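Colleague: everything below, folded, please.
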Amino acid sequence: MSSCPGEADSRLARLSCASRRMLVLTLLFLGVVGLPRTWDLRGYTGDALALLTGRKRAYGYFHTERLLSQMAQANQAETLTDGLAVWTAQLWRPSAQEHLGQSAAFYIDGHRKPVYTDVLIPRGLVGRLSTVLGCRALVLLHDEHGHPLLATTHRGDGHLTLGLPSIVARYEQQAGMSTVKRIIVDREGMAAEFLATLRAAGRTVISVLRTDQYGGLESFTDIGSFVPLRVSKSGKVVREVAPASIALPLPDHPGESLLLRVALIRDLCRSVPVVPSKEDVEYPKRWDADLDWHDRMWWDEGWQATPTPATPTTPKLIPIVTTASTVDAVELAQTYTQRWSAQENIIRDFLLPLGLDTNHGYGKTPVENSEVGKRRAALEKRLANVQRWADAARKRSHNASKLYTKRCKLTKDRATALYRVLNDHQIELEQEGMQNWLLRKTIKEEKAVADAEIEQYQRQQWRAYETSNREHAKCERYCREQRDLLRALEDLTTHERAMYELDNRKDQVMTVFKVALTDLVMWTRDHYFPASFAHATWQRLAPFFHLPGLVVQGPTMVCVELRPFNDRQYNRDLVMLCERVNNAAPQLPDGRRLLLQVRDVPYPVLHVQKRQVA
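Modeller: Numbers count the residues shown, from 1 in each chain. Purely as a prediction, here's the structure:
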């Protein structure tokens, strides 16, 4: 914070380092004491927050909210975000199997934080609510063990394909790491062009195909043999996997495709209907096609109905894809499925309970209405197309009309010429004295030949007439649609609502604190709690952090006497926790040693209890 003091007349610039540190610790540890926002400090009466910040009493709402606002105005959000990346890289580097390099996996996902407001703000699909709401968009970066490394805040309609490159570049720049090679991302990042860009940058991306990108097994090529992936306790194969390949077309590069390697998981416990073939869709079978001929006589009295055949099903496919050139199907499937426990569960079990979904700050500025902008762009594009089509139809109608007039004249001239020749020939035959019956027969045959030729001219003439009418109708339809589109554009402008973009700086500051607090809790769990707490969530850890007790301070040691639980197993875990902390001999920032003990006698509350204890 010292590197970005803000304006000279602000209180933030005049604060001492000690005061600044205590205020920041107050913001950091709000989630530990169960306070989602600074406003809740108005009713807070506990001592834990004061103890954690090194004060006799905790700061109130006014001081902390003023600090948070001034930090946001001084662009502290960017400074703290960069500092978080540096700190998390140093914090979790020793626990990784090796230095975060080529073989390290990074999990990236987006999270929508709903914002309930009376004004229109950029919206997005909030997954846990299954509704489209005004929201903030978060991009979260985790390591392969599920530890949160970095989080950034964006406007609600921001897409993960835009946030992923920025958060990766920011983490690499601040943490001083080599290029992030392996990225595991949700299906939201499954755009072929996006994957091709990441692969060109030297990154390996692992994701899962969207359901609209494949049909069945026929959508894949080079399918290998299926091997067991997961087996039940009874020895039954629950899931099996096989290597395969799939080529996704690149929309921006017509004729080109992106080849992806696939770990094709077949879930034998879940079945989905078989996708009907094109022939079955175009020519559906009769409802009684499966019956024998004598069972199809449903019109006979006494006909007995039988159940229709069951819908054919097939095991559900889960295609895990990667941009790597070679792949081990089992390892690829396990790498992606670990994302649900290493990222999704961490968000649910730690970040959300510690207040990630709490909004801080509703400052906003008017911006272009992105939703109306998208609809206006679509309408304007359609209007331009319709205008072009109307002009072309009008031109074709005019040309066809001219062609019709020309062919009418040609038909008339040709008919006149043919009948003149026919009349001259008839007069000539009469002068030669040909018998009447033979004359009539000859003239009739010649007239049929002439009429056939005239009919060809007439067909060409009416073909041009029909073309002219058809193009004229098209032109009329396009002109009518132009008026409708212009009306839609005017209505869109008339009813356009002002959209406001939230100022995310204050919220990003608190998001950094939530992520840092989660890392601190997970680090404490991994280093001091018993082995049975290796996968414990905040709900299980919170009772240990909320234990009341007595702090006895000495010149070289600070002893904390904790009040025991009412549960024996919890007390055994508490004793083990104290032993592990005491064996590690941690030191406080002032150099004194921290010692934890379990108090044998609980605190008396009532006066009668005080006398009994005495």
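
Colleague: elements contacting the helix or strand encompassing residue 422?
Modeller: Using DSSP states H and E, the element containing residue 422 is helix 370-431. If you count contacts as 3 or more Cβ pairs under 8 Å, 6 or more residues apart in numbering; DSSP states H and E, helix 370-431 packs onto helix 436-494, strand 499-502. The way it works is simple: take the backbone N, C-alpha and C, and place the C-beta from them, glycine included.

Colleague: tell me which of those is the most buried.
Modeller: Of all the helices and strands packed on helix 370-431, strand 499-502 has the most neighbours on average by mean count of other Cβ atoms under 10 Å, namely a mean of 20.

Colleague: so after it, what's the next helix or strand?
Modeller: Sequence order places helix 505-528 as the next helix or strand after strand 499-502, per DSSP H and E.

Colleague: ok, residue 272 touching residue 316?
Modeller: Yes. With contact defined as Cβ atoms under 8 Å, residue 272 reaches residue 316; the gap is 5.0 Å.

Colleague: return the set of buried residues in stretch 542-558.
Modeller: 542, 544, 547, 549, 558 (16 or more other Cβ atoms under 10 Å).

Colleague: those residues in helices, which ones?
Modeller: 542, 544 (DSSP state H).

Colleague: and the least confident of the buried residues of stretch 542-558?
Modeller: When those are compared by pLDDT, residue 549 scores lowest at 88.

Colleague: my guess is that one meets residue 560, correct?
Modeller: Yes. Using Cβ under 8 Å, residue 549 makes contact with residue 560 at a distance of 5.5 Å.

Colleague: now do the helix holding residue 422 and helix 436-494, the angle between them.
Modeller: Per axes from the mean of the first three to the mean of the last three Cα atoms, to 10 degrees, the angle that helix 370-431 makes with helix 436-494 is 170 degrees.

Colleague: tell me how far helix 370-431 is from the chain's mean position?
Modeller: Remark: helix 370-431 is offset 52 Å from the chain centroid, using Cα atoms, centre = their mean, to the nearest Å.

Colleague: same deal with stretch 201-208?
Modeller: Using Cα atoms, centre = their mean, the offset of stretch 201-208 from its chain centre is 16 Å.

Colleague: stretch 263-282 too?
Modeller: With Cα atoms, centre = their mean as the basis, stretch 263-282 stands 24 Å off its chain's centre.

Colleague: so what touches that stretch?
Modeller: Contact with stretch 263-282 is made by 215-217, 220, 223, 226, 229, 237-244, 311-322, 327, 329-330, 332-333, 336, as judged by Cβ atoms under 8 Å, 6 or more residues apart in numbering.

Colleague: report the buried members of those residues.
Modeller: Buried among the contacts of stretch 263-282 by 16+ other Cβ under 10 Å: 220, 226, 229, 239-244, 317-322, 327, 329-330, 332-333, 336.

Colleague: so which of the residues you listed are in helices?
Modeller: Reading helices off the buried ones among the contacts of stretch 263-282 with DSSP H, I get 329, 330, 332, 333, 336.

Colleague: distance of the residue nearest to the last one when sequence neighbours are not counted relative to residue 580?
Modeller: Taking Cβ to Cβ, 6 or more residues apart in numbering as the measure, residue 336 lies nearest to residue 320, with 4.6 Å between them; neighbours along the chain are not counted. As for residue 320, its distance to residue 580 is 39 Å (criterion: Cβ to Cβ, to the nearest Å).

Colleague: and residue 200, by the same measure?
Modeller: Distance from residue 200 to residue 580, by Cβ to Cβ: 48 Å.

Colleague: over to residue 261?
Modeller: For residue 261, the distance to residue 580 - Cβ to Cβ - is 44 Å.

Colleague: and the helices and strands packed on helix 370-431 as TSV, adding distance to residue 251 and mean pLDDT?
Modeller: Listed next are these as TSV, based on distance: least, Cβ to Cβ, whole Å; pLDDT from 0 to 100:
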stretch	distance to residue 251	mean pLDDT
helix 436-494	26	91
strand 499-502	28	93
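
Colleague: dump these into TSV; add distance to residue 154 as well.
Modeller: Below are these laid out as TSV (distance: least, Cβ to Cβ, whole Å):
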stretch	distance to residue 154
helix 436-494	26
strand 499-502	10
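
Colleague: looking at these, which is nearest to residue 516?
Modeller: strand 499-502 (22.2 Å; Cβ to Cβ).

Colleague: figure out which of the helices and strands packed on helix 370-431 is closest to residue 118.
Modeller: Per Cβ to Cβ, nearest to residue 118 of the helices and strands packed on helix 370-431: strand 499-502, 10.3 Å.

Colleague: any idea what the residue nearest to residue 142 when sequence neighbours are not counted is bridged to?
Modeller: Nearest residue to residue 142 in three dimensions, chain neighbours excluded: residue 107, at 4.3 Å (Cβ to Cβ, 6+ apart). On the basis of DSSP bridges, residue 107 is bridged to residue 142, residue 184.

Colleague: how far away is residue 80 from residue 580?
Modeller: In terms of Cβ to Cβ, residue 80 sits 31 Å off from residue 580.

Colleague: quick one, what contacts residue 488?
Modeller: Counted by Cβ under 8 Å, 6+ apart, residue 488 has contacts residue 379.

Colleague: just use 29 as the starting number from now, easier for me
Modeller: Okay, using 29 as the starting number, the last item reads as residue 516.

Colleague: give me the beta-bridge partners of residue 274?
Modeller: Beta-bridge partners, per DSSP bridges, of residue 274: residue 288.

Colleague: actually residue 258, sorry about that
Modeller: residue 267.

Colleague: that older thread, closest to residue 173 out of the helices and strands packed on helix 398-459?
Modeller: Residue 173 lies closest to strand 527-530 among these, at 32.6 Å (Cβ to Cβ).

Colleague: helices or strands up against that closest one?
Modeller: Applying 3+ Cβ pairs under 8 Å, 6+ apart, one finds that strand 527-530 contacts strand 392-395, helix 398-459.

Colleague: contacts for the shortest one?
Modeller: This means strand 392-395. Contacts to strand 392-395, defined as Cβ under 8 Å, 6+ apart, come from residues 147, 149, 526, 527, 528, 529, 530, 531.

Colleague: let's see 7 Å
Modeller: 147, 526, 527, 528, 529, 530, 531 (Cβ atoms under 7 Å, 6 or more residues apart in numbering).

Colleague: coming back round to it: which one's more surrounded, residue 108 and residue 608?
Modeller: Shown here are residue 108 and residue 608; by other Cβ atoms under 10 Å, residue 108 has more neighbours (22 against 15).

Colleague: which ones are touching the nearest residue in space to that one that is not next to it in sequence?
Modeller: The shortest distance from residue 108 to any residue other than its chain neighbours is 4.5 Å, reached at residue 540 (Cβ to Cβ, 6+ apart). Contacts for residue 540 (Cβ under 7 Å, 6+ apart) come out as 108, 109, 112.
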